[in-house]
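> give me a model of this one.
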Amino acid sequence: MNTAAAPTLDDHDHGHHAGPSPGLMRWLVTTNHKDIGTLYLLFSLTMFFIGGAFALVIRAELFQPGLQIVNPHFFNQMTTLHALVMVFGAVMPAFVGLANWLLPMMIGAPDMALPRMNNWSFWIMPFAFTLLLSTLFTSGGGPAGGWTLYPPLVLQTGDAFPFVILAVHMLGVSSIMGAINVIATILNLRAPGMTLMKMPLFVWTWLITAFLLIAVMPVLAGAVTMLLTDKYFGTSFFNAGGGGDPVLFQHVFWFFGHPEVYIMILPAFGVISQIIPTFARKPLFGYASMVYATSSIAFLSFIVWAHHMFTVGMPLAGQLFFMYATMLIAVPTGVKVFNWVSTMWRGAMTFETPMLFAIAFVILFTIGGFSGLMLAIAPADFQYQDTYFVVAHFHYVLVPGSVFSLMAAAYYWLPKWTGHMYNEQMGKIHFWLSVVGVNILFFPQHFLGLAGMPRRIPDYALQFTEFNMISTVGAFLFGFSQLLFLYNVIQTIRGGVKATDQVWEGAHGLEWTLPSPPPYHTFTTAPVVK
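Got it, this is the predicted structure:
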């Protein structure tokens with residue numbers, strides 16, 4: 001599919017080019033949005049398996065009480081790195097990869113607005129993650145303060161600490177550059193007649209996500225820089241002994257951290273809003289309301305941060321404000337779920353793999369949303385705080401949410417990216433193994449949390465054994481079933497049945513980049529029953 005020629009050697013070289021081969025140079029210096037999108041997607045797939053391996057270490061240790069496999073310090077390193085790798089290495093780069101591939105095609109642009117910066121924003125990432133993962137081999141081991149890097153705990157990290165902070169800064173720079181590029185592209189390079197309210201919803205969700213990124217990544221940079229100066233330069237931002245306040249770090253971190261979780265889910269909403277209309281053979285129900293709901297979610301995400309902090313001793317007025325604001329954010333999210341269900345209602349639905357993942361997304365993401373509402377209730381949150389209930393909640397949002405939407409996107413657009421059809425049978429087997437595995441993995445954790453099992457511990461009391469064993473079995477089922485996905489993707493890239501122009505054929509076939517309010521002549525709705 002990719003028509004970009006590999007960059008030729010400079011005329012002054014006269015062909016005597018010392019260094020990488022032209023084939024490798026193409027990927028190193030490419031400014032083509034499809035090449036860069038491919039690099040992001042392959043990088044995120046790699047990090048997904050690395051982060052998944054860390055998760056399996058965690059679950060293997062928790063299979064039974066007692067310390068079997070790893071020591072507590074290494075267990076903490078695994079929980080910290082699993083989170084950092086999955087958030088900054090798997091989910092975010094995958095959505096940036098989708099943005100690179102699809103945004104120019106969806107808005108009729110020749111490429112991204114800033115192609116060289118696009119290349120740079122990608123190539124920062126492998127170096128940042130090499131730096132982050134290499135900390136496992138330093139004398140004190142990797143970072144061990146949880147992904148939230150709370151002081152004073154994170155300040156116990158040994159020689160690895162400055163490397164972790166530098167890696168986080170590099171990832172932040174990469175994200176900000178990607179976001180600037182997305183905004184510049186969408187606002188300046190739309191084809192004539194492509195007004196904002198005619199853009200596909202995936203484009204809208206990314207435009208809003210890009211503004212979130214630019215707003216919050218510098219906040220994270222500030223927080224981790226203050227940690228660095230506390231540890232090495234004698235400042236006391238978070239050191240109570242010097243007049244600082246460790247709770248200040250939580251405020252600054254979560255002001256970044258809460259919009260961050262929406263950065264990881266809004267593009268997923270965009271993906272699902274492209275896939276469901278295609279397989280329901282109907283236009284998306286309530287396009288304008290979806291745009292406004294997405295904007296509302298983004299705005300509200302900035303004023304709910306302290307719901308992560310109900311137990312720090314904030315005044316009652318603060319608890320009430322953050323409780324109500326958090327409940328309010330459920331309204332636009334509910335609007336979206338309603339619109340997806342209404343799109344499917346009486347549609348001529350077929351159930352290819354992308355649609356299966358999209359439907360699982362809607363159902364399981366909603367479970368994650370409801371447990372989030374439970375956590376929003378301040379008095380109840382005192383019971384749930386720092387238990388496995390919280391772990392169950394955010395994994396239901398991030399795995400069947402963000403990760404399933406990425407899998408749906410991969411199956412949906414692979415024929416467009418590669419020119420080949422993936423193996424549909426294998427895709428469906430992968431889907432069912434994933435959906436069963438993910439529920440066996442995370443559903444029991446709700447019960448563990450309600451029974452009082454704390455998070456981030458390598459050992460636990462005997463009464464939690466059965467649910468932990470079930471959870472670990474689910475983890476290995478889910479983890480190993482992803483090898484099917486990997487195999488299917490590699491086979492599709494290498495060859496296979498040629499994809500047709502109209503690959504997801506409905507009554508008349510729908511194109512991939514169909515605008516969300518579609519031209520009404522390109523499909524037929526389900527027959528009306530008299």
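> quick one: the helices in the stretch 251-400 of the chain?
266-280, 287-300, 316-344, 353-376, 378-384, 388-397 (DSSP state H, counting those that start in this stretch).
> where does this structure have its least confident helix or strand?
helix 22-29 (a mean of 90; mean pLDDT, DSSP states H and E).
> counting contacts, what elements does that one pack onto?
helix 33-61 (3 or more Cβ pairs under 8 Å, 6 or more residues apart in numbering; DSSP states H and E). C-beta here means a position set from N, CA and C on the backbone, and glycine is covered the same way.
> gap between the helix it packs on and the chain center?
Here helix 33-61 is found 11 Å from its chain centre; the criterion is Cα atoms, centre = their mean, to the nearest Å.
> check stretch 145-159 too.
That offset, for stretch 145-159, works out to 23 Å (Cα atoms, centre = their mean).
> check stretch 278-286 too.
Distance of stretch 278-286 from the chain centroid (Cα atoms, centre = their mean) equals 24 Å.
> so Leu62 makes contact with Phe467?
No. At 10.2 Å, Leu62 does not count as touching Phe467 under the criterion of Cβ atoms under 8 Å.
> those two: who's more crowded?
Remark: of Leu62 and Phe467, Leu62 carries more neighbours, 25 against 19, as counted by other Cβ atoms under 10 Å.
> quick one, what contacts that one?
By Cβ atoms under 8 Å, 6 or more residues apart in numbering, the residues touching Leu62 are Pro458, Tyr460, Asn468, Ser471, Thr472.
> among the residues you listed, which two are most distant?
The two members of the contacts of Leu62 with the most space between them (Cβ to Cβ) are Pro458 and Ser471, at 14.7 Å.
> so those two - more neighbours on which side?
For Pro458 versus Ser471, the count of surrounding residues by other Cβ under 10 Å is larger for Ser471: 24 against 21.
> winner for burial among the helices of the stretch 251-400 of the chain?
helix 266-280 (a mean of 27; mean count of other Cβ atoms under 10 Å).
> what angle do it and helix 316-344 make?
20 degrees (axes from the mean of the first three to the mean of the last three Cα atoms, to 10 degrees).
> out of the helices of the stretch 251-400 of the chain, which gets nearest to Gly419?
helix 353-376 (17.2 Å).
> quick one: that closest one to helix 316-344, angle?
Compare the direction of helix 353-376 with that of helix 316-344 by the same axes, to 10 degrees and you get 160 degrees.
> what is helix 353-376 packed up against?
Helix 353-376 makes packing contacts with helix 266-280, helix 316-344, helix 378-384, helix 388-397, helix 404-418, helix 424-450 when contacts are defined by 3+ Cβ pairs under 8 Å, 6+ apart.
> the fourth one vs helix 424-450, what angle?
Going back to what we said before, that points to helix 388-397. 160 degrees.
> contact partners of helix 388-397?
For helix 388-397, contacts defined as Cβ under 8 Å, 6+ apart pick out 261, 265, 364-365, 367-369, 371-372, 374-375, 384, 441-443, 445-446, 448-450, 453-455.
> switch the cut-off to 7 Å
Residues from elsewhere that reach helix 388-397 (Cβ atoms under 7 Å, 6 or more residues apart in numbering): 265, 364-365, 367-368, 371-372, 375, 384, 442, 445-446, 448-450, 453, 455.
> output the below-cut-off pLDDT ranges for the protein.
1-20, 505-530 (pLDDT under 70).
> need the longest helix for it.
In the chain, with assignment by DSSP state H, the single longest helix is helix 201-232.
> give the buried residues for that helix.
Of all the residues in helix 201-232, those buried under the rule 16 or more other Cβ atoms under 10 Å are 201-210, 212-213, 215-217, 219-221, 223-224, 226-228, 230-231.
> which one of the helices and strands packed on helix 353-376 lies closest to Trp101?
Comparing the helices and strands packed on helix 353-376 by their distance to Trp101 (Cβ to Cβ), the top pick is helix 404-418, with 6.7 Å.
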